[in-house]
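Asks: Pasting the sequence and the predicted coordinates here, then a few questions.
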Amino acid sequence: MSDLYDATTERRPKRRLFTFWRAFWVLALIAFVWGANGALQVARDAADPPGPYVALHEVVGVITVDPERDALLRALASDPDARALVLRVDSPGGTTTGAEALFETVREISASKPVVALMGEVAASGGYIAAIASHHIIARGNTLTGSIGVVRQRPNISGLLDRLGIRIDEERSDEFKANPSFVSDGTIATRAWDEEVLQDAYGWFRGLVADRRGLEGAQLDLAANGRVFTGRQALERGLIDQIGGPVEARGWLADQGVDPSLPTRRIEKIEIRPLWMRVLGVRLPDGGLALETRMPIGQRLYSILN
């Protein structure tokens, strides 16, 4: 018994030492990967040729509120070497607020330099909002665009709760509070107000299209009824300006006085946070750790992975 106790006691310091070094090397590996990502960002910046250039920024995937993206683009607006912006859009849309913020940011750039939108596979709904912030819109013949409208969806599980014998008791300060709800159909008044909120957002979207594309009356009605159009159909309806691709985009910029020999420089956020931090919304501002609470984790993960 004594021998067993002595052997166990002797192994404890070794286990602690092993645990210490294992933790040390794990932390060292994390620091190395993080530092390598940061070095990659510096290397990419250093690799950009000095002097005037044409900026290329890609709007890909679901559009949401993104202050870092907007700050990046606003810095571009004040960069004297950035002679123009090619905004490549490949997005099915996103949140109304996110599209609004992106639209306003691109409009700030267009106040001082030419901006051309280049549509990819799809540039619909919020993706189209981003595109109309530019001076000129180019799409492929089979690009899917349009979808001018707004939608708000919610699950209604009241039938399922009834089947399970579950009742949700609620007390509200007013019938409009916390409506629409996924556990009830709401009242006539709450559904009417929900429709009014939806129509207000749609009126804003419709007004953007009317202002930026010069459409009105029946022509606007046919374009802004929620339908998706191919690039060719969008051209016929005045929603875009040209069928083409990158060559046509640089050609239009040349017509605006932008030297066609200028290099193209990709302007993008280089994410140096680990995946777990991006999923949970943890960021590293100057003041230290902070937690982003604007977007649900599921939606944030979807936007990261798409």
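Replies: Perfect, I can see it now.

Asks: Tell me where the stretch 1-150 of the chain has helices.
Replies: 2-47, 67-77, 96-110, 126-131 (DSSP state H, counting those that start in this stretch).

Asks: mean confidence for stretch 220-234?
Replies: The pLDDT scores in stretch 220-234 average 92.

Asks: Run through who's touching it.
Replies: 119, 124, 139-149, 205-206, 209-210, 213, 215, 237-240, 243 (Cβ atoms under 8 Å, 6 or more residues apart in numbering). In this view, the C-beta of every residue, glycine as well, is placed from N, C-alpha and C.

Asks: So for it, what gets flagged as buried?
Replies: 220, 223-224, 228-231, 233-234 (16 or more other Cβ atoms under 10 Å).

Asks: of the residues you listed, closest to E196?
Replies: Nearest to E196 out of the buried residues of stretch 220-234 is A224 (Cβ to Cβ; 18.4 Å).

Asks: got any ranges where the protein has weak pLDDT?
Replies: Applying pLDDT under 70 to the chain flags residues 1-49, 151-162, 166-188, 190-191, 193, 270-306.

Asks: show me where it has strands.
Replies: 53-60, 82-91, 115-124, 136-139, 144-146, 228-230, 242-243, 264-266, 282-283, 290-291 (DSSP state E).

Asks: CA atoms only for the second one - export them in CSV, please.
Replies: Output of strand 82-91 as CSV, limited to C-alpha atoms (Å, rounded to 0.1, in the frame of the first residue of the first chain):
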residue,chain,number,x,y,z
ALA,A,82,-8.9,55.4,-55.4
ARG,A,83,-10.1,56.8,-58.7
ALA,A,84,-13.3,54.7,-59.1
LEU,A,85,-15.2,51.8,-57.5
VAL,A,86,-16.4,48.6,-59.1
LEU,A,87,-19.0,47.1,-56.8
ARG,A,88,-19.5,43.5,-57.6
VAL,A,89,-22.9,42.3,-56.2
ASP,A,90,-23.7,38.6,-55.8
SER,A,91,-26.4,38.6,-53.2
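
Asks: Which other helices and strands does it contact?
Replies: strand 53-60, helix 96-110, strand 115-124, helix 126-131, helix 246-255 (3 or more Cβ pairs under 8 Å, 6 or more residues apart in numbering; DSSP states H and E).

Asks: Please identify which of these is closest to L198.
Replies: Nearest to L198, of the helices and strands packed on strand 82-91 and by Cβ to Cβ, is helix 96-110 at 10.1 Å.

Asks: got a list of contacts for stretch 115-124?
Replies: 60, 84-93, 106, 109, 127, 130-140, 143-147, 228, 231, 240, 245-246, 249, 252-253.

Asks: Derive a ChimeraX selection command for the buried subset of these.
Replies: Remark: buried members of these, expressed as a ChimeraX selection using 16+ other Cβ under 10 Å:
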select :84,85,86,87,88,89,90,91,92,93,106,109,127,130,131,132,133,134,135,136,137,138,139,140,143,144,145,146,147,228,231,240,249,252,253
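
Asks: Would you check that T264 makes contact with H57?
Replies: No: using Cβ atoms under 8 Å, T264 is not in contact with H57, being 10.9 Å away.

Asks: out of these two, which sits in the busier spot?
Replies: Comparing T264 with H57 by other Cβ atoms under 10 Å, the one with more neighbours is H57, at 21 against 14.

Asks: isn't that one right next to L76, touching?
Replies: Yes: contact criterion Cβ under 8 Å: H57 and L76 qualify, at 7.4 Å.

Asks: ok, Q199 to G94 distance?
Replies: 20 Å (Cβ to Cβ, to the nearest Å).

Asks: So which of those two has more stuff around it?
Replies: It is G94, of Q199 and G94, that has more neighbours when counted by other Cβ under 10 Å, with 23 against 12.

Asks: Could you tell me how many residues sit around the residue nearest to R265 when sequence neighbours are not counted?
Replies: The spatial neighbour of R265 that comes closest, neighbours along the chain excluded (Cβ to Cβ, 6 or more residues apart in numbering), is Y53 at 4.3 Å. Y53 has 19 neighbours, counted by other Cβ under 10 Å.

Asks: Now for Y53: which residues touch it?
Replies: Applying Cβ under 8 Å, 6+ apart, the residues near Y53 are 81-83, 262-265.

Asks: Show me what it is bridged to.
Replies: With DSSP bridges as the criterion, Y53 is bridged to A82.

Asks: repeat for the one 5 residues further on
Replies: Each beta-bridge partner of E58 is listed here: R88, as defined by DSSP bridges.

Asks: any idea how far it is from R88?
Replies: E58 is 5 Å from R88, by Cβ to Cβ.

Asks: now do G226
Replies: Taken as Cβ to Cβ, the span from G226 to R88 is 24 Å.

Asks: do R227 as well
Replies: R227 is 23 Å from R88, by Cβ to Cβ.

Asks: Good, we can wrap up now.
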